[in-house]
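[1] take this sequence and fold it.
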Amino acid sequence: MGAIKNWVRLQDEYRSIFCIVDLHAITTPQDPEKLRKKIMEVAMLYLSAGINPEKSIIFIQSHNPDHAALSWILNTITPVGELERMTQFKEKRETAEKRAGVMAGLFNYPTLMAADILLYQTNKVPVGEDQLQHIELTRSLAERFNNRFGHTFTIPEALIEKSGARIMGLDDPTKKMSKSAPNPENYIALLDSPDEIAQKIKTAVTDSGKEIVFDPENRPAIYNLLQIFSLFTDIEPQELEKKYVGKNYAEFKKDLAEVVINGLKPIQEKYRELEKNPDAVMKTLKEGAIRANAISLKTIETVKEKVGLIL
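    Residues are numbered from 1 along each chain as shown. This next block holds a predicted model:
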């Protein structure tokens with residue numbers, strides 16, 4: 001709700017490029033077979049949710065080698081201190097240390113993210129608030145390169161939607177909802193069954209008190225649930241607050257579950273259709289990679305020439 005819903009709308013306003021970031025995924029240990037399935041799952045979810053290959057470009061990151069090439073060149077102008085200050089690295093490092101140690105890929109992945117953006121002379125990057133620091137690093141690297149080698153990159157700007165920018169966990173309204181959370185009760189996945197969705201919402205954390213109040217400071221849990229309800233119905237949270245005056249949490253959660261189940265139903269139905277024809281999905285992704293490479297090739301050739309590499 002904080003990303004894909006906005007992406008679908010933005011397709012009508014911008015020339016949009018969507019990338020399934022498999023190279024980012026392997027910055028933490030992955031089972032190869034599961035990774036391949038997840039790559040296709042993400043692609044089919046994007047398509048099911050409304051990403052339209054006729055309007056936009058959609059492809060798998062590793063299918064365009066320019067991403068890795070530009071990432072390496074950006075690494076050569078990125079101070080170690082800037083990467084050490086990245087909040088997400090600090091957070092992920094704790095988990096990584098417990099599992100298998102911290103690898104260089106995890107440390108350097110912000111430069112790969114910068115390459116993802118800068119390759120396409122991007123103007124706007126639709127992101128959540130938690131990614132703002134990465135956009136600032138991307139801007140800094142673009143400006144540093146431009147200052148040293150002459151104007152090469154467009155300086156991108158973050159595009160953050162007010163609603164859905166930061167949905168919090170169902171089990172903890174102080175932390176972001178995340179599909180990588182260890183507790184599956186933290187999030188609702190797009191492919192969760194109606195029973196799973198109803199159960200997760202039923203057991204979602206609520207605040208002390210009984211009133212359905214839109215109060216982010218004092219009632220963060222119910223505020224979060226109202227946000228979700230609003231995103232699925234396009235009814236302002238303040239209007240929902242009025243609607244549920246005198247009603248209890250159980251009634252509200254029952255209605256919320258119904259709204260989410262019905263809202264995800266068409267996405268899930270489309271996904272099941274695509275699942276039957278993976279070859280057609282892969283064809284779309286391969287064609288997207290060719291279109292993406294046609295754009296990025298101009299950038300990477302200019303970059304290589306400016307840094308002194310022989311083309």
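
[2] in stretch 118-132, what counts as buried?
    For stretch 118-132, the neighbour count (16 or more other Cβ atoms under 10 Å) marks L118, L119, Y120, T122, V125, P126, V127, G128, Q131 as buried. (C-beta placed from N, C-alpha, C; glycine too.)

[3] for those, which one is nearest K90?
    Among the buried residues of stretch 118-132, Q131 lies closest to K90 (Cβ to Cβ), at 14.8 Å.

[4] got the buried residues of stretch 118-132 as CSV, with distance to Y249 and pLDDT columns?
    Shown next, in CSV, are these (distance: Cβ to Cβ, whole Å; pLDDT from 0 to 100):
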residue, distance to Y249, pLDDT
L118, 47, 98
L119, 47, 98
Y120, 46, 98
T122, 43, 97
V125, 37, 93
P126, 33, 89
V127, 32, 84
G128, 27, 75
Q131, 32, 83
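
[5] narrow these to those in helices?
    Secondary structure assignment by DSSP state H places L118 of those in helices.

[6] and the furthest pair within the buried residues of stretch 118-132?
    Going by Cβ to Cβ, the pair spanning those furthest: L119 and G128, at 21.3 Å.

[7] any chance of the buried residues of stretch 118-132 in JSON lines, with distance to V205 too?
    Formatted as JSON lines, the buried residues of stretch 118-132 follow (distance: Cβ to Cβ, whole Å):
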{"residue": "L118", "distance to V205": "40"}
{"residue": "L119", "distance to V205": "41"}
{"residue": "Y120", "distance to V205": "40"}
{"residue": "T122", "distance to V205": "37"}
{"residue": "V125", "distance to V205": "32"}
{"residue": "P126", "distance to V205": "28"}
{"residue": "V127", "distance to V205": "26"}
{"residue": "G128", "distance to V205": "21"}
{"residue": "Q131", "distance to V205": "25"}
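
[8] nearest to L70, of the buried residues of stretch 118-132?
    Of the buried residues of stretch 118-132, the one sitting nearest to L70 (Cβ to Cβ) turns out to be L119, at 5.6 Å.

[9] quick one, what contacts the closest one?
    Contacts here follow Cβ atoms under 8 Å, 6 or more residues apart in numbering; on that basis L119 touches D66, H67, L70, I295, S296, T299, I300.

[10] ok, 6 Å please
    D66, L70, S296, T299 (Cβ atoms under 6 Å, 6 or more residues apart in numbering).

[11] just those residues: which are in helices?
    Among those, the members falling in helices (DSSP H) are D66, L70, S296, T299.

[12] how many residues are close by the first one?
    One way to gauge burial is a neighbour count; for D66, by other Cβ atoms under 10 Å, it gives 21.

[13] mind pulling up the pLDDT for it?
    On the pLDDT scale, D66 is placed at 98.

[14] what does the third one give?
    pLDDT recorded at S296 is 98.

[15] now do the helices in this structure.
    4-10, 22-25, 32-49, 66-75, 80-84, 87-99, 104-118, 132-149, 194-202, 220-233, 237-243, 249-275, 278-307.

[16] these: lowest mean pLDDT?
    helix 87-99 (a mean of 67).

[17] please report phi then psi for F153.
    Main-chain dihedrals, F153, degrees, to the nearest 10: phi -110, psi 140.

[18] skipping its backbone neighbours, what lies nearest it in space?
    A142 (3.9 Å; Cβ to Cβ, 6 or more residues apart in numbering).

[19] give the contact list for that neighbour.
    For A142, the contacting residues are L118, F153, I155, by Cβ under 6 Å, 6+ apart.

[20] next one: K202
    K253.

[21] how about a cut-off of 8 Å?
    Here K202 is in contact with K253, A257 (criterion: Cβ under 8 Å, 6+ apart).

[22] again, but for T122
    T122 touches I17, T154, P156, counting by Cβ under 8 Å, 6+ apart.

[23] gap between the second one and R15?
    The gap separating T154 from R15 is 13 Å, by Cβ to Cβ, to the nearest Å.

[24] do the same with D171
    D171 is 39 Å from R15, by Cβ to Cβ.

[25] which of the two has more neighbours?
    Using other Cβ under 10 Å as the criterion, D171 and R15 rank with D171 on top: 18 against 12.

[26] report pLDDT for P173.
    On the pLDDT scale, P173 is placed at 83.

[27] do S163 as well
    The score at S163 is 54. That number is its pLDDT.

[28] same deal with the one 3 residues further on?
    Taken from the predicted model, the pLDDT recorded for R166 is 72.

[29] what is the burial count for the residue lying closest to R144 once chain neighbours are set aside?
    Spatial nearest neighbour of R144, chain neighbours left out: I77 (5.6 Å); criterion: Cβ to Cβ, 6+ apart. By other Cβ under 10 Å, 14 other residues sit near I77.
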